[in-house]
Every structure is written in C-alpha cells, then in structure tokens.
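# pasting the structure only:
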C-alpha cells in the first residue's frame, strides 16, 4: 500500500494505475497517490464481480454492452484480460477473455 495525499487513506499502487482519476506526485517512489477525492462516487459503490465486495474503487469491463466491475487486483488475480490504453485512445480498459 502507498500513502495518499488524503490523511489516513492508503491505496495499492496497481489500483492507482487503473483508476483514471488518480495520479502520483513522485513517479520514482509511486507515492503519494493524489486525487483520491476525485474518484467518481459510482466507482466506490460498484460490486466487484470477483470478490463480491463493495469496498474500494472498481473499474468496469470495456467490452461494449458489458458492465461487470472489479478491483484491478481482483481482475489480475482471476486472469481477466486487462489492456491499458493511452488517454487519447479511450483510457484504461478491461475485457474478459
């Protein structure tokens, strides 16, 4: 876990890389993670289809018509296909195999 600019809040560095609203202030140390408060409220409310928990911010499948949500680390651990795109190409995206 990495410290954030929000007192008492910690974040996985891997999650920071997949949640588009967040950024890091020092890329060498990957901390502190900034913009936690700018994460869309809906990301916190989604249910992770892998671990079945609402805790933490989630990402959603980028396949048209698919709205499954998961924590970035849950998606990776369960073997879901995750493809990163540059912001001008549509931002982070995930797809199931």
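All right, it came through fine. Bear in mind the structure is a predicted one, so any value in this text is a computation, not a measurement.

# contact partners of stretch 63-78?
If you take Cβ atoms under 8 Å, 6 or more residues apart in numbering as the criterion, stretch 63-78 is touched by 12, 14-15, 17-19, 46-51, 56-61, 80, 82, 94-96. For every residue, glycine as well, the C-beta is placed using N, CA and C.

# and the end-to-end length of it?
Across stretch 63-78, the terminal residues are separated by 17 Å (Cα to Cα, to the nearest Å).

# about what we covered before: show me the contacts of stretch 63-78 that map onto helices.
14, 15, 17, 18 (DSSP state H).

# return the member of those residues nearest to residue 33.
residue 15 (8.7 Å; Cβ to Cβ).

# residue contacts, the closest one?
22, 56, 57, 71, 72, 73.

# any idea how far it is from residue 65?
Shown here: residue 15 relative to residue 65, a distance of 25 Å by Cβ to Cβ, to the nearest Å.

# show me where this structure dips below the pLDDT cut-off.
In the predicted model, the chain carries pLDDT under 70 at residues 87-97.

# center of it - which residue?
In the chain, the centroid-proximal residue (Cα atoms, centre = their mean) is residue 19; its distance is 3.4 Å.

# now name the helix or strand holding residue 42.
Per DSSP states H and E, residue 42 falls inside helix 41-45.

# pull out the buried positions in that helix.
For helix 41-45, a neighbour-count test (16 or more other Cβ atoms under 10 Å) marks residue 43 as buried.
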